[in-house]
Every structure is written in C-alpha cells, then in structure tokens.
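Q: Model the following, please.
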Amino acid sequence: MALILPVKDSHPKIGNDCFVAENATIVGDFSCGNHCSFWFNSVVRADVNSISLGDYVNVQDGAVIHCTYEKTKTVIGDRVSIGHNAIIHGCTIESNVLIGMGAIVMDNAVVNSGAIIAAGAVVLENTVVEAGQLYAGVPARFVKDVPESLKKGEIERIASNYALYSSWFKQ
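A: Next comes the predicted model:
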C-alpha cells in the first residue's frame, strides 16, 4: 500500500481515477487533479511547502517532487509527464510539458506550456523556459523550438499513454 501521510495537519488530496503505486510516497500539503499516476518509487514530499498538480500528470518511477521551506512551492499544470528519476524542486511547470528522464528543474524555474526538457538536463534556479522550446544540457540551454510533430508525437502521446498504463493497475 502506498505511503500517504499528513504533515502538520495537511492531508494529501488526490483526485478521481488516479493510480498510486504501492511503493509510492505522497506526504503533506499536496493536491492533484484527476487521472494522475504516481509510479513505483516516486516521491512527492510536500512537507515543507505546497505541491499542486493538475489533471493527467504522470510522475514516473523514481521521480521526486519537492520544494523549499518557506521559500518555493511547486505548481504543475495539466498533461505533464515527469520522466523516470527526474527531480522537480520548487518550480512552476505549465500544462502540456515533457520533463525527460533524469532531468532536474530547480527552484523558481518556470517551464512554460509546450516545452520539453531533455533527459539529463539541469534547469538552473530562476531559468524561464519559453513556451514551445526544447532545453537540453548541463546547465540546460535553448536548443530549438519544439516542432508540432513532437508536441503531438511526444508530449500528448506520453501523457495519454500513462493514463492508459495506469488503467491496467486499477482493475
């Protein structure tokens, strides 16, 4: 059974039709919308500040979402895919975004709608990734505008696929 715990009287609020793997951890001042999924060994630690997610967000295996005490909360929009072993920390990620495997997005960064953060990229504090841009590298830098084929072929496809995958575990 998943570890879902209150912290200081803040209870996690999980939307309808969500999947939480039995070894996922969700604690504290957390809320998510509907059709989200939290995969094996993922951690959402809203113990020191709030974390909110929209609808159809998938937090893949080993990913960690956290924030900074009395400084930065984490806000994530709709249809966001957070790749395996990614770290999302005290930042804002708008809707329709793909965060690649092992990527790190740091405090006060903003990733705007339609953007892709490449696998292994490190988005430094206070970085603003404009809408529809691909960032890669360490530190992450603008590479190119995301073509429509990638928006539909990757961002939308992955978010939809994870909603499907999670249905296999809810039967």
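Q: looking at this protein, which helix or strand is least sure?
A: For the chain, counting by mean pLDDT, DSSP states H and E, helix 148-150 ranks last in confidence among helices and strands (a mean of 88).
Q: Show me what secondary structure element comes after that helix.
A: Tracing the chain C-terminally past helix 148-150 and defining elements by DSSP states H and E, one meets helix 157-169 next.
Q: Double-check Ser95 against Val80; I have them as touching.
A: Yes - here Ser95 lies in contact with Val80, judged by CB atoms under 8 Å, at a distance of 6.8 Å. For the C-beta atoms, the positions are set from N, CA and C on the backbone; glycine is no exception.
Q: Pull up the pairing partners for the lengthiest strand in the chain, direction included.
A: Here the longest strand in the chain is taken by residue count, with DSSP state E as the criterion, and it is strand 43-53. Applying DSSP bridges, strand 43-53 is found paired with strand 25-32 (parallel), strand 64-66 (parallel), strand 74-76 (parallel).
Q: Low-confidence ranges, this structure, go.
A: Under the criterion pLDDT under 70, the flagged ranges of the chain are 171.
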